[in-house]
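K.L.:
Predicted model and sequence follow; I will ask about them next.
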Amino acid sequence: PAEDYSSMLNENDRNERHRNDVKGSFPKQRKDVRILHLGCGNSEVGAHLLRRGYNNIVNVDNSAVLIEKMKEKYNHDFFAGLHTCIQRENLLRYSLGLKPKLANEINILSTEFEARDDINVGGETYPNMTFELGDIAKGLNYPDESFDLIICKKTLDIILCGASSVFDARKMIRECFRLLSKKHGVLIILSSAKPEDRAVFFEQDDWTGVMNIKLPSKDDGVERKGHEKKKVESYAYVLYKQQQRSHMEM
């Protein structure tokens, strides 16, 4: 029952251990992390991840209009501009005796650094970020364990507002479980719902740990003109999928 499973959300010690176990087998370099961003809409999450050195990002949304707009926005010119900004920033850091911001991805020393002027979008030379039309509740055309990290920003909340909401929400979580690496898969769900209202959707699959984090909000408790002071709450649910080990306490 959901009330029993929801207690797992507060078992901080055990879930902290699961977090450390997953972290131990997670790809060491950001460029090796395979990321799926669900319900991307017109969000800049993918671009922020690129700037932090993550090279393999798939953005999915069920709106064809939004996907086409995002493809137009994040075109070759965007990648060229980002590449130039990264070069300039790291040259400045190098001149100040600091390590490059993206040390694992860029060699700032002389000819090796300059050789990166030819941009190979989607290849090994430069980060790869794609935008694809898809519906997570209907399943995505990817093999099992295709991703290391899945980010779901309010997508679960939106699904639960539609027809067949509970059924589709369960299918979404199950599809995420299938797509994640069994060695170190991590699913991050951002939601406006409290833990007791979301726990039921996490009990159907063999997640090895679930953590809930109450997020701060700049609008939290803000009183607007003509309205009563309203408390705004947001949560992050972090679900861990890891291959069972005999010494794990489950």
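P.N.:
Looks like it arrived, so ask away. Numbers count the residues shown, from 1 in each chain.
K.L.:
Show me what counts as buried in the longest helix belonging to the chain.
P.N.:
The longest helix of the chain (DSSP state H) is helix 76-95. Buried positions in helix 76-95, judged by neighbour count with 16 or more other C-beta atoms under 10 Å: 79, 82, 83, 86, 87, 89, 90. C-beta here means a position set from N, CA and C on the backbone, and glycine is covered the same way.
K.L.:
tell me the SS of the nearest residue to residue 49 once chain neighbours are set aside?
P.N.:
Of all residues not flanking residue 49 in the chain, residue 57 sits nearest, at 5.6 Å (C-beta to C-beta, 6 or more residues apart in numbering). Put simply, residue 57 is strand when judged by DSSP: H, G, I helix; E, B strand; the rest coil.
K.L.:
Residue 57: what's it in contact with?
P.N.:
Taking C-beta atoms under 8 Å, 6 or more residues apart in numbering as the criterion, residue 57 is in contact with 35, 37, 46, 49, 50, 127, 128, 129, 130.
K.L.:
now with 7 Å?
P.N.:
Residues in contact with residue 57 (C-beta atoms under 7 Å, 6 or more residues apart in numbering) are 35, 37, 46, 49, 50, 129.
K.L.:
for residue 46, same thing?
P.N.:
Contacts of residue 46 (C-beta under 7 Å, 6+ apart): 37, 40, 57, 59, 129.
K.L.:
May I ask which helix or strand of the protein has the lowest mean pLDDT?
P.N.:
helix 110-114 (a mean of 30; mean pLDDT, DSSP states H and E).
K.L.:
continuing past that one, what's the next helix or strand?
P.N.:
Counting by DSSP states H and E, the next helix or strand C-terminal to helix 110-114 is strand 128-133.
K.L.:
Show residues contacting the very next helix or strand once past that next one.
P.N.:
Going down the chain from strand 128-133, the next helix or strand is strand 149-153, by DSSP H and E. With C-beta under 7 Å, 6+ apart as the test, strand 149-153 has contacts from 33, 35-39, 43, 45, 176, 179-180, 186-190.
K.L.:
residue ranges of the strands in the chain, please?
P.N.:
In the chain, the segments counted as strands under DSSP state E are 34-38, 56-61, 128-133, 149-153, 185-191, 209-215, 234-241.
K.L.:
Make TSV from the ones you listed and add mean pLDDT and distance to residue 71 to it.
P.N.:
Output for those, formatted as TSV (pLDDT from 0 to 100; distance: least, C-beta to C-beta, whole Å):
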stretch	mean pLDDT	distance to residue 71
strand 34-38	95	14
strand 56-61	94	10
strand 128-133	90	5
strand 149-153	93	19
strand 185-191	93	24
strand 209-215	87	30
strand 234-241	91	28
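K.L.:
what would the ones you listed look like in JSON lines with distance to residue 67?
P.N.:
Output for the strands of the chain, formatted as JSON lines (distance: least, C-beta to C-beta, whole Å):
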{"stretch": "strand 34-38", "distance to residue 67": "12"}
{"stretch": "strand 56-61", "distance to residue 67": "6"}
{"stretch": "strand 128-133", "distance to residue 67": "5"}
{"stretch": "strand 149-153", "distance to residue 67": "16"}
{"stretch": "strand 185-191", "distance to residue 67": "20"}
{"stretch": "strand 209-215", "distance to residue 67": "27"}
{"stretch": "strand 234-241", "distance to residue 67": "25"}
